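Visitor: Prediction below, plus the sequence it came from.
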Amino acid sequence: MQKHSIFLLLLLAAALPLDAAAAGCTAPGDYKFTTVHIANYLPVSLHARCASRTGTSTDNRSQDIAPNGETSFSFCPQEDTRVACELSAGSLFGRFAVFDGHFADKGVAQYYWIAKPDGIFYYNDVDKQVVHTLPWNHPHPLV
């Protein structure tokens, strides 16, 4: 039984992506396969509209997020990758850069943006601290 358990663990470990290359990323550099999460901690639905650009390639997406819901998207970043989002819920509005390859910490793989009644908060899988980043109805200076 123990041999079977070890074999299953090794099989499972072999199936999990260990870095950007294993996850299908072919971009050069030390960036990790990256996921951006947007969570809605508001009592109403949140509309998220995001646009990403790497070189001349662009991608736009839009989604409504229910209260206490979350959406996420993943990508293989490069130095010139930039992702900006607009969040809106009733009279609340926020526009900000959620990822910028020129300034990103290459060790961070998970970016969390959290919409709360008192603003937009940021958290990542390295620092593990929730930071009040942006008040509502005030566009971020980088966008």
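Guide: All right, it came through fine. Residues are numbered from 1 along each chain as shown.

Visitor: quick one: His47 and Ala89 touch, right?
Guide: Yes - between His47 and Ala89 a contact is recorded at 6.9 Å, counting by C-beta atoms under 8 Å. For glycine as for every other residue, the C-beta is placed from the backbone atoms N, C-alpha and C.

Visitor: Those two - which one has more neighbours?
Guide: Ala89 (21 against 15; other C-beta atoms under 10 Å).

Visitor: Quick check, that one in contact with Tyr41.
Guide: No - when contacts are counted by C-beta under 8 Å, Ala89 is not listed as touching Tyr41 (10.7 Å).

Visitor: Quick one: end-to-end length of stretch 87-96, please.
Guide: This stretch, stretch 87-96, spans 9 Å end to end (C-alpha to C-alpha, to the nearest Å).

Visitor: Kindly report the same for stretch 48-59.
Guide: 14 Å.

Visitor: got the contact list for it?
Guide: 36, 38, 60-65, 71, 73, 75, 77-78, 80-88, 98-99, 101 (C-beta atoms under 8 Å, 6 or more residues apart in numbering).

Visitor: now the helix or strand containing Thr71: mean pLDDT?
Guide: Take DSSP states H and E as the rule and Thr71 turns out to sit in strand 70-75. Average pLDDT, strand 70-75: 90.

Visitor: Mark which of the contacts of stretch 48-59 are part of strands, please.
Guide: Judged by DSSP state E, strands contain the following of the contacts of stretch 48-59: 36, 38, 60-65, 71, 73, 75, 82-88, 98-99.

Visitor: what comes up buried for the helix or strand harbouring Arg95?
Guide: Secondary structure assignment for Arg95, by DSSP H and E: strand 92-100. Within strand 92-100, the residues that count as buried by 16 or more other C-beta atoms under 10 Å are 92, 94-96, 98-99.

Visitor: Check the separation of the first and last residues in stretch 58-78.
Guide: 13 Å.

Visitor: distance between stretch 60-80 and the chain's centre?
Guide: Here stretch 60-80 shows a centroid-to-chain-centroid distance of 6 Å under the convention C-alpha atoms, centre = their mean, to the nearest Å.

Visitor: list the buried ones in that stretch?
Guide: 65, 71, 73, 75-77.

Visitor: just the helices in this protein please.
Guide: For the chain, the helices defined by DSSP state H cover 2-15.
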